[in-house]
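Enquirer: Quick check, what structure comes out for this input:
(one chain, ligands or ions: 1)
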Amino acid sequence: MSEQTDSTVDAEYEHHGGFPVYTPVKAGPNFGRFVEALRRLQDLAVSTHIPDDVVDRAIEQAEALGDLLEPHVVPEGRSPAGFNVDLPGRGSLLMLPWMLEKFDAESVRSRGTFRIYHRGGNSAAHGGTLPLLFDDLMGMVVHAAGHPIARTAYLHVTYRKITPLETELVVEGRVDRVDGRKLFCSAELREADGTLLADCEALMVQLRPGQP
Ligand SMILES: CCCCCCCCCCCCCCCC(=O)SCCNC(=O)CCNC(=O)[C@H](O)C(C)(C)COP(=O)(O)OP(=O)(O)OC[C@H]1O[C@@H](n2cnc3c(N)ncnc32)[C@H](O)[C@@H]1OP(=O)(O)O
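Expert: The predicted model follows:
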């Protein structure tokens, strides 16, 4: 997405608080592969015990990669990262690398796995990675249901069972109730066979004009 300068394109944008107007920045053909290569590095960074000489070579190569990328830094909203729905995690390295499979006013559903770099204790997904999944989902739920951008006021996650790594899981959420600016949302994380792993209740609050 990039900042939109033509204010006539979306007159509704006055309702999106202080958010800038975004338009899609399409990822190039190899951008998904680039992000996946970085995710693989994250998996390896938390699951290897490498000898010092390999650490030194890895630092050299990682720093060289940083130098290659640095000149291409752009302002928020002008990178393809995070806004390409045909890529896992919409092409964002921060987001869970999941694929959207339903996005409409009724609900938003996505499917994917927690990876090695999401590992918490004893091979379960780290407890902090579930709120990340749910919070990002709630942003999409609000948008899919046709509401202006809202911010998360609270996000209550209930952990029902250990969330496994490298296992295909499904998350689905929806807006349950609207009360003025308040959108009460819920979501569940399940295994492929429907077993409930965690659920979430969130309050999303629509922003006032200019609100950050
Ligand atoms: C065409 C379009 C294309 C768009 C295409 C792009 C899509 C691109 C999507 C990007 C999507 C970004 C999604 C961001 C998702 C995050 O926000 S993630 C960041 C985590 N959240 C934050 O940082 C939020 C920080 N907190 C805040 O900014 C403010 O506290 C809030 C949440 C905006 C609320 O503040 P406020 O506006 O001053 O609200 P306030 O008047 O105090 O309260 C309003 C109502 O909510 C209630 N309330 C507020 N907080 C709570 C609470 N914690 N518990 C219970 N009740 C509460 C109040 O009691 C009040 O109720 P009523 O009296 O009206 O009944």
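
Enquirer: Show the end-to-end separation of stretch 144-154, please.
Expert: End-to-end span of stretch 144-154 (CA to CA, to the nearest Å): 20 Å.

Enquirer: If Phe184 is in a bridge, with which residues?
Expert: When assigned by DSSP bridges, Phe184 has beta-bridge partners Arg177, Leu203.

Enquirer: and the gap between the residue of the chain most remote from its centre and the ligand?
Expert: If you look at how far each residue of the chain sits from its centre, by CA atoms, centre = their mean, the farthest one is Asp53, at 35.2 Å. For Asp53, the distance to the ligand equals 42 Å [CB to the nearest ligand atom, to the nearest Å]. Where you see a C-beta, it was placed from the backbone N, CA and C, and this is true even at glycine.

Enquirer: helix/strand/coil for that residue?
Expert: For Asp53, the assignment made with DSSP: H, G, I helix; E, B strand; the rest coil gives helix.

Enquirer: Next one: it from Phe34, what distance?
Expert: 27 Å (CB to CB, to the nearest Å).

Enquirer: circling back: contacting residues around the residue farthest from the centre of the chain?
Expert: Residues in contact with Asp53 (CB atoms under 8 Å, 6 or more residues apart in numbering): none are found.

Enquirer: Could you find the closest non-adjacent residue to Gly28?
Expert: Pro80 (7.5 Å; CB to CB, 6 or more residues apart in numbering).

Enquirer: sorry, that was for Phe103
Expert: Going by CB to CB, 6+ apart, Phe103 has Ala144 as its nearest residue, at 5.0 Å.

Enquirer: How about Phe114?
Expert: Counting by CB to CB, 6+ apart, Phe114 lies nearest to Ala125, which is 4.0 Å off, once chain neighbours are set aside.

Enquirer: cool, Leu132 as well?
Expert: Leu96 (6.6 Å).

Enquirer: what bridges to Glu188?
Expert: Glu172, Asp199.

Enquirer: That one and Gly173: what is the separation?
Expert: For Glu188, the distance to Gly173 - CB to CB - is 8 Å.

Enquirer: Thank you, goodbye.
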